[in-house]
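J.: just coords:
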């Protein structure tokens with residue numbers, strides 16, 4: 001079948017073009033996308049050196065299933081997950097499904113592969129084309145492995161469901177799965193964009209007693225309060241390493257620092273900043289995926305501080321996604337308001353512009 005899709009050129013641009021999508025085989029699903037989230041990784045994928053069907057956050061409806069599929073049928077509503085577990089490798093057996101040794105595109109170093117449906121299921125101008133993170137959700141249709149999908153079992157708009165499979169899971173999971181924030185403890189969140197807001201509401205759901213949001217943008221801090229921040233600090237861009245801001249955090253936390261601090265800015269120069277925010281024996285968490293080389297003053301580790309760098313909130317999709325759905329159904333997890341703006345596919349450039357300008361908590365492409 002023909003489908004409109006956003007195609008990354010590999011050299012920094014993209015185009016909206018028509019692809020051919022073929023029926024699923026084996027354990028594959030043909031999914032009609034209803035909504036796809038837009039994030040910085042999608043923007044970055046335009047420069048990954050080869051053509052790709054863009055997008056890695058999505059939700060839609062199963063239209064066809066391969067003969068080996070056991071969990072889905074046509075008509076099922078699903079949300080998609082880019083860290084696709086095999087269930088059999090060492091890391092999956094250890095419970096680390098997000099870093100599957102067989103399927104994870106991040107662990108393989110190739111974010112357009114890992115756990116993929118066969119590339120020939122999607123062609124552009126007669127030639128097979130890979131899908132970003134084996135999903136390629138900025139497309140009217142996609143073919144994915146059965147393990148990449150989780151059924152939607154609660155009433156949830158597709159734009160809200162689409163964003164669960166990256167920023168929401170990363171933020172919530174970093175708090176609940178990775179840091180295991182304890183009730184009543186103090187939490188600092190550096191950066192209150194889409195991921196930071198989900199760290200904030202993850203901390204609220206976990207029962208944190210104090211949630212301090214830090215950002216240079218006053219409008220984002222206003223939003224942070226709506227998601228659960230109890231205190232806010234507007235940082236100065238000239239505050240190197242946020243060391244002055246760290247003193248304000250200490251003043252709010254009996255002079256010792258917070259129990260946990262989460263870095264959500266993706267700014268390499270702030271990679272060490274959460275260490276300055278936490279108390280002795282506190283925990284710093286690097287959420288945003290900084291991959292550049294950074295320099296850290298080892299004095300920041302004194303004493304007994306822990307620094308962790310979890311991937312994707314240590315996601316276990318078949319466990320965590322149903323939990324997130326139930327939290328949404330109860331009203332504890334805010335998703336609908338997190339979707340600031342929706343766009344048709346042909347306005348993808350506008351969605352990127354709004355994202356880069358900080359106008360959206362989350363932008364989402366919707367399909368007819």
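T.: Received the coordinates, thanks. The structure presented is a predicted model; accordingly, all values stated were derived computationally and were not measured.

J.: chain center to stretch 89-101, what's the gap?
T.: Computed by CA atoms, centre = their mean, to the nearest Å, the chain-centroid distance of stretch 89-101 equals 19 Å.

J.: I'd like the average pLDDT over that stretch.
T.: Per-region confidence: stretch 89-101 scores 93 on mean pLDDT.

J.: now do the same end-to-end measure for it.
T.: 6 Å (CA to CA, to the nearest Å).

J.: how about it: buried residues?
T.: 89, 91, 92, 96, 97, 98, 99, 100, 101 (16 or more other CB atoms under 10 Å). Where you see a C-beta, it was placed from the backbone N, CA and C, and this is true even at glycine.

J.: Give me the neighbour count for residue 325.
T.: Residues lying near residue 325 (other CB atoms under 10 Å) number 22.

J.: ok so, going back, and the buried residues of stretch 89-101, which is closest to residue 314?
T.: residue 98 (5.6 Å; CB to CB).

J.: Return the distance of that closest one relative to residue 169.
T.: Applying CB to CB, to the nearest Å, the value for residue 98 to residue 169 is 9 Å.

J.: Secondary structure added to the buried residues of stretch 89-101, as TSV?
T.: Formatted as TSV, those follow (DSSP: H, G, I helix; E, B strand; the rest coil):
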residue	secondary structure
89	coil
91	helix
92	helix
96	coil
97	helix
98	helix
99	helix
100	coil
101	coil
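
J.: ok, those vs residue 313, which is closest?
T.: Once CB to CB is applied, the member of these that ends up nearest residue 313 is residue 98, at 7.7 Å.

J.: The closest one is in contact with residue 178, isn't it?
T.: No - counting by CB atoms under 8 Å, residue 98 stays clear of residue 178, with 10.1 Å between them.

J.: Now the common contact residues for these two.
T.: 313, 314 (CB atoms under 8 Å, 6 or more residues apart in numbering).

J.: coming back round to it: who touches both of residue 98 and residue 169?
T.: 312, 313, 315.

J.: quick one, helices of the protein?
T.: 40-44, 90-93, 105-108, 158-162, 167-173, 194-206, 218-227, 243-252, 273-277, 317-330, 348-356 (DSSP state H).

J.: So what touches the last one?
T.: Read it as helix 348-356. For helix 348-356, contacts defined as CB under 8 Å, 6+ apart pick out 6, 14, 16, 38-40, 42-43, 138, 340-341, 343, 360, 363, 365.

J.: repeat for the second one
T.: Residues lying outside helix 90-93 but in contact with it, judged by CB under 8 Å, 6+ apart, are 85, 86, 97, 99, 100, 101, 102.

J.: Please apply the same query to the fourth one.
T.: By CB under 8 Å, 6+ apart, the residues outside helix 158-162 that reach it are 34-37, 57-60, 77, 79, 137, 152, 328, 335-336, 338-339, 342, 364, 366.

J.: Show me where this structure dips below the pLDDT cut-off.
T.: Applying pLDDT under 70 to the chain flags residues 106-120.

J.: how near is residue 130 to residue 174?
T.: Going from residue 130 to residue 174 by CB to CB gives 28 Å.

J.: Run the chain-centre distance for stretch 130-148.
T.: Centre-to-centre, stretch 130-148 and its host chain are 16 Å apart (CA atoms, centre = their mean).

J.: Could you dump the helices of the chain into CSV with distance to residue 66 added?
T.: Output for the helices of the chain, formatted as CSV (distance: least, CB to CB, whole Å):
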stretch, distance to residue 66
helix 40-44, 27
helix 90-93, 21
helix 105-108, 21
helix 158-162, 23
helix 167-173, 26
helix 194-206, 33
helix 218-227, 40
helix 243-252, 52
helix 273-277, 44
helix 317-330, 19
helix 348-356, 30
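
J.: Residue 147: which of those is closest?
T.: Nearest of the helices of the chain (CB to CB): helix 317-330, 7.9 Å.

J.: elements contacting that closest one?
T.: strand 149-151, helix 167-173 (3 or more CB pairs under 8 Å, 6 or more residues apart in numbering; DSSP states H and E).

J.: tell me the most buried of those?
T.: helix 167-173 (a mean of 28; mean count of other CB atoms under 10 Å).

J.: where does residue 282 sit relative to residue 177, distance-wise?
T.: Separation of residue 282 from residue 177 (CB to CB) stands at 18 Å.

J.: swap in residue 347?
T.: Using CB to CB, residue 347 is found at 35 Å from residue 177.

J.: Over to residue 334?
T.: For residue 334, the distance to residue 177 equals 19 Å [CB to CB].

J.: hmm, back to that, could the contacts of helix 90-93 go into JSON lines alongside distance to residue 287?
T.: Converted to JSON lines, these look like this (distance: CB to CB, whole Å):
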{"residue": "85", "distance to residue 287": "21"}
{"residue": "86", "distance to residue 287": "25"}
{"residue": "97", "distance to residue 287": "18"}
{"residue": "99", "distance to residue 287": "16"}
{"residue": "100", "distance to residue 287": "20"}
{"residue": "101", "distance to residue 287": "23"}
{"residue": "102", "distance to residue 287": "25"}
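
J.: hang on, isn't residue 137 packed against residue 33?
T.: Yes - judged on CB under 8 Å, residue 137 makes contact with residue 33 at a distance of 5.7 Å.

J.: ends of stretch 264-274, how far apart?
T.: Stretch 264-274 has an end-to-end distance of 10 Å (criterion: CA to CA).

J.: Give me the distance between that stretch and the centre of its chain.
T.: 17 Å.

J.: ditto for stretch 208-223
T.: Distance, stretch centre to chain centre, for stretch 208-223: 19 Å (CA atoms, centre = their mean).
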